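[1] Quick check, what structure comes out for this input:
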Amino acid sequence: MGGAAQLAVDLNSPGTYLHWNIFTVSEANLVLILVMLVIFGAALLVPFPLGKHGRDAEPKDQGNGAPEGAPTLVAYKGDAAGAAADGDGDAAMWTARVRRLGLRFLPPGKLLPDRQPAYVRSWVYVFGVATLAALAVAIVSGFALALGGPDWWHYNPVGHFFNSLHLWSVEMFMAFMVIHLWGKFWMAAWRGRRALTWMTGVVAFVASVVECFTGYLSQQNLDSQWISTNAKDAVNAAGVGPFFDTMNFGQMLMWHIVLVPLVLVAIVGAHILLVRVRGVSHPLPARRVRGKAARRAATAADAAEWRGPTRRYDILKEASIASAVVLVLVLALASVVSSPDVPPVTIQSWSHATPGDFMATSAAELAYTSETATYGPPYDNVSTPAGTGMVQKIIVSWQQITGVMQPINSARTFVLAPLSTRAPGDPTLTRALHRYETAPRSVQKAWDVAYLKVVSHVSFRNDVPVVPRTADGPVPVLISAELTMARSGAIDAALLAHHLFYGTDYTKPLLFLQDGSYFASVGKKLHLLGTEWGVMNETGSYPGQPWLWLYDLWYQVPGFRTSTNVDLIAIYLTGVATILLLCVPIIPGLRDIPRYLPVHRLVWRAWNRGEGGGDGGTGPAAGPSGSGATAGALSGATRDAPG
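    Below you'll find the model as predicted:
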């Protein structure tokens with residue numbers, strides 16, 4: 001960074017300005033304007049390269065009664081027809097090639113179909129469009145929240161209502177998506193070369209979890225505090241804490257409103273296009289298919305274009321109705337039950353509620369015995385071996401590989417540095433600080449140990465702390481001043497003052513809070529502890545994050561929950577489970593579960609009793625060569641399918 005800064009031109013020095021009559025312009029703006037004029041002039045004067053196909057085509061008689069040169073509509077039906085429709089040399093253009101490729105794989109009839117297979121006759125099919133409708137409401141309500149800024153919903157009733165809309169639309173979005181995944185799993189929807197469709201759906205679900213998770217973390221209330229301080233151990237164990245700091249609310253907000261939404265919308269869009277290209281999966285046979293020939297016929301039928309009975313399908317009408325229903329439900333829930341917003345815990349509120357706990361925690365920070373002081377990477381270089389304490393290791397220690405990226409010296413950060421801002425106006429504190437900081441480390445340690453033994457017996461007289469006398473040097477003066485600063489809110493401000501701009505990184509105050517017992521007691525009262533599946537709970541009686549059940553599951557397993565590597569265990573096992581879910585279409589045995597547990601019979605029961613009932617529930621489908629393959633083929637016999 002130093003070398004790069006030296007090579008760069010420093011434009012932070014005072015600028016130079018030119019004055020002419022009533023106008024004043026800086027040299028920098030003048031240079032910019034001149035450069036723009038030069039670029040514009042070049043665009044006007046420099047010849048444009050035409051290339052070998054750049055010559056204009058001669059007008060031709062269109063043969064349809066239209067005058068020569070008039071625009072005409074051409075129906076592209078693939079590479080050959082599309083190339084023939086293009087003029088001489090036009091077929092080789094990139095634009096023409098991409099257009100023909102797009103129309104070959106996704107003609108308008110597939111993108112916005114008028115009909116769909118007759119077997120699509122179950123409520124299970126509705127949850128795909130319901131998921132998209134809820135996502136649309138969540139995005140729009142998020143836009144409304146953005147109008148007032150990141151925090152206006154905490155103090156403005158209108159903002160709080162929009163936050164409630166956002167919460168319930170997200171809850172519906174996740175619920176519908178999970179139900180949609182359930183349905184597609186039991187329908188074995190990856191059949192017929194639809195594996196990529198399934199995989200993009202799973203990736204969209206994972207991206208949605210990250211999106212919702214960052215949304216919870218960016219709320220700046222008690223719930224976000226609790227989730228962020230508990231989640232930090234897992235992300236730190238994985239070695240990504242310095243780059244994905246769950247306690248940096250500003251960073252999480254940017255992930256939530258910019259980075260993850262872009263990825264999520266792109267993946268959802270790809271998933272929808274794949275559904276339109278490949279179509280919905282055909283019904284599974286009502287009875288198990290036996291024999292290699294029958295299984296090959298079933299595979300061919302699954303991959304073939306559906307040529308059986310169809311019914312009218314107004315996709316835009318269905319999407320509009322789904323959006324209206326979701327919007328009504330969200331409005332009702334937001335109006336009736338609102339959304340949670342328990343105020344955050346601050347160091348100031350902590351020092352007033354349990355001043356004795358605050359003083360003991362401050363003394364532990366000063367003595368380097370708190371959890372943060374002995375945490376290890378990414379906060380400090382303690383000599384804790386990998387696999388013990390807060391430094392976790394399974395095969396490798398990702399924490400130690402990443403190293404210290406957010407250095408925190410507990411004594412300096414939480415006690416000595418804040419007190420130094422108060423010392424100039426307090427001679428007693430100034431002398432105490434000087435005495436402590438100039439003493440040898442062995443003497444400091446003796447004072448700290450002595451004070452820690454008696455601070456639990458602190459009493460208060462006229463709200464002034466009184467600690468039993470012992471050989472603790474200036475430590476009582478330091479901790480008493482620390483308490484006074486905390487009660488005024490000065491410690492909260494001091495721990496955020498190192499950020500010169502937005503001050504949204506709450507890593508230091510939250511680590512300080514978590515080192516004490518008060519913060520945990522608040523979480524326990526609200527049933528947020530990890531032993532109570534806290535990662536799934538929300539404050540009050542609101543639903544929490546049930547979509548994190550798989551991750552939180554591992555913390556409840558006996559043996560795992562007492563391990564010093566429990567966070568890495570949860571990450572590894574959740575990762576393995578996610579990969580298995582993603583790769584279901586290509587894992588023998590796992591992909592066959594829907595065939596052996598025929599939940600699909602409930603999905604297609606109307607089809608099995610109706611048009612498809614006479615042929616085992618598969619319905620007519622065109623084979624690869626265009627011939628009809630039905631359940632008769634699946635049982636060893638063949639017959640022509642209706643066109």
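[2] burial of S442, as a residue count?
    S442 has 7 neighbours, counted by other Cβ atoms under 10 Å. Placement of C-beta: from N, CA and C, glycine included.
[3] ugh, typo on my part, it should be P424
    By other Cβ under 10 Å, 9 other residues sit near P424.
[4] Counting neighbours, what do you get for the nearest residue to it once chain neighbours are set aside?
    Excluding its sequence neighbours, the residue lying closest to P424 (Cβ to Cβ, 6 or more residues apart in numbering) is T430, at 7.2 Å. When neighbours are defined as other Cβ under 10 Å, T430 has 15 of them.
[5] cool, and A92?
    Around A92 there are 12 other residues, counting by other Cβ under 10 Å.
[6] Can you name the residues that contact D567?
    If you count contacts by Cβ atoms under 8 Å, 6 or more residues apart in numbering, D567 has them with 233-234, 236-238, 392.
[7] Spell out the residue ranges of the helices in the stretch 351-500 of the chain.
    In the stretch 351-500 of the chain, the helices defined using DSSP state H, counting those that start in this stretch lie at 355-366, 398-402, 410-411, 417-422, 427-438, 441-454, 475-488, 490-496.
[8] So for P598, which of those sits nearest?
    Shortest distance between P598 and those, using Cβ to Cβ, is found for helix 398-402: 43.3 Å.
[9] counting contacts, what elements does the closest one pack onto?
    Under the contact definition 3 or more Cβ pairs under 8 Å, 6 or more residues apart in numbering; DSSP states H and E, helix 398-402 sits against helix 222-237.
[10] where does W306 fall, phi/psi-wise?
    phi -70, psi 130 (degrees, to the nearest 10).
[11] Nearest residue to it in space, please, no chain neighbours.
    Nearest non-adjacent residue to W306, counting by Cβ to Cβ, 6+ apart: P117, 4.8 Å away.
[12] what about stretch 119-128, average pLDDT?
    Taken as a whole, stretch 119-128 has a mean pLDDT of 89.
[13] swap in stretch 609-623?
    Stretch 609-623 shows a mean pLDDT of 47.
[14] ranges for the helices of the stretch 201-350 of the chain?
    Under DSSP H, counting those that start in this stretch, the stretch 201-350 of the chain gives helices at 222-237, 249-254, 260-278, 292-303, 315-336, 347-353.
[15] Hmm, R561 and W533 touching each other?
    No: assessed by Cβ atoms under 8 Å, W533 is found out of contact with R561, at 11.5 Å.
[16] These two: which is more packed in?
    Under the criterion of other Cβ under 10 Å, the comparison of W533 against R561 puts W533 first, with 19 against 14.
[17] Could you pull up phi and psi at the more buried one?
    Dihedral angles of W533 (phi, psi; degrees, to the nearest 10) stand at phi 50, psi 50.
[18] And for L18?
    Residue torsions, per degrees, to the nearest 10, at L18 are phi -110, psi 140.
[19] Near the nearest residue to it once chain neighbours are set aside, how many other residues are there?
    Take L18 and drop its neighbours on the chain: the residue closest to it by Cβ to Cβ, 6+ apart is V25, 5.5 Å away. Residues near V25, counting by other Cβ under 10 Å, number 12.
[20] domain assignment for this structure?
    Following automatic domain parsing, one gets these domains for the chain: 79-109, 121-342+598-616, 347-372+408-495.
[21] elements contacting the longest helix along the chain?
    Of all the segments of type helix in the chain, defined by DSSP state H, the longest one is helix 157-186. Under the contact criterion of 3+ Cβ pairs under 8 Å, 6+ apart, helix 157-186 touches helix 126-147, helix 195-217, helix 315-336, helix 593-596, helix 600-603.
[22] Now do the buried residues in the third one.
    This points to helix 315-336. 322-323, 326-327, 330-331, 333-334 (16 or more other Cβ atoms under 10 Å).
[23] and what of the fourth one?
    Using 16+ other Cβ under 10 Å as the test for burial, helix 593-596 gives P594.
[24] rewinding a little: verify the contact between the residue nearest to L18 and Y17 for me.
    Yes: V25 is within contact range of Y17, at 6.9 Å (criterion: Cβ under 8 Å).
[25] Any chance you could list residues touching both of these two?
    Common neighbours of V25 and Y17, using Cβ under 8 Å, 6+ apart, do not exist here.
[26] average pLDDT for the helix or strand harbouring L103?
    Using DSSP states H and E, L103 maps to helix 94-105. The average of the pLDDT scores along helix 94-105 is 82.
[27] Quick one: list the elements packing against it.
    helix 79-85.
[28] number of nearby residues for the closest residue to S224 other than its chain neighbours?
    Computed as Cβ to Cβ, 6+ apart, the closest residue to S224 that is not its neighbour in sequence is L217, at 5.3 Å. Using other Cβ under 10 Å, L217 has 25 other residues around it.
[29] correct me, but L217 touches S228?
    Yes: between L217 and S228 there is a contact at 5.2 Å, judged by Cβ under 8 Å.
[30] Please enumerate the shared neighbours of the two.
    Residues touching both L217 and S228 (Cβ under 8 Å, 6+ apart) are 246, 249, 252.
[31] check contacts around Q406.
    Residues near Q406 by Cβ under 8 Å, 6+ apart: 241-242, 245, 378-379, 507.
[32] Now do L602 against H527, distance only.
    According to Cβ to Cβ, to the nearest Å, L602 stands 36 Å off from H527.
[33] thinking again about what came up before, now name the helix or strand holding the residue nearest to L18.
    Per DSSP H and E, V25 falls inside strand 23-26.
[34] what's that strand packed up against?
    Using 3+ Cβ pairs under 8 Å, 6+ apart: strand 23-26 touches strand 17-20.
[35] Which residues does the strand it packs on contact?
    Outside strand 17-20, the residues that touch it by Cβ under 8 Å, 6+ apart are 24-27, 30.
[36] now do stretch 326-343
    Against stretch 326-343 from outside (Cβ under 8 Å, 6+ apart): 130, 133-134, 137, 141, 153-154, 160-161, 163-169, 172, 219, 221-223, 526, 538-540, 542.
[37] Can I get it in CSV, CA atoms only?
    The C-alpha trace of stretch 326-343 is given here as CSV (Å, rounded to 0.1, in the frame of the first residue of the first chain):
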residue,chain,number,x,y,z
VAL,A,326,-49.1,-12.8,-1.4
LEU,A,327,-49.4,-9.0,-1.1
VAL,A,328,-52.8,-9.3,0.7
LEU,A,329,-51.3,-11.8,3.2
VAL,A,330,-48.3,-9.7,3.8
LEU,A,331,-50.3,-6.5,4.3
ALA,A,332,-52.6,-8.4,6.8
LEU,A,333,-49.7,-9.8,8.8
ALA,A,334,-47.8,-6.5,8.8
SER,A,335,-50.9,-4.7,10.0
VAL,A,336,-52.0,-7.2,12.6
VAL,A,337,-48.7,-8.5,14.2
SER,A,338,-46.1,-5.9,12.9
SER,A,339,-42.5,-6.9,13.3
PRO,A,340,-40.0,-7.3,16.2
ASP,A,341,-37.6,-4.6,17.2
VAL,A,342,-36.2,-5.1,20.7
PRO,A,343,-33.7,-2.2,21.3
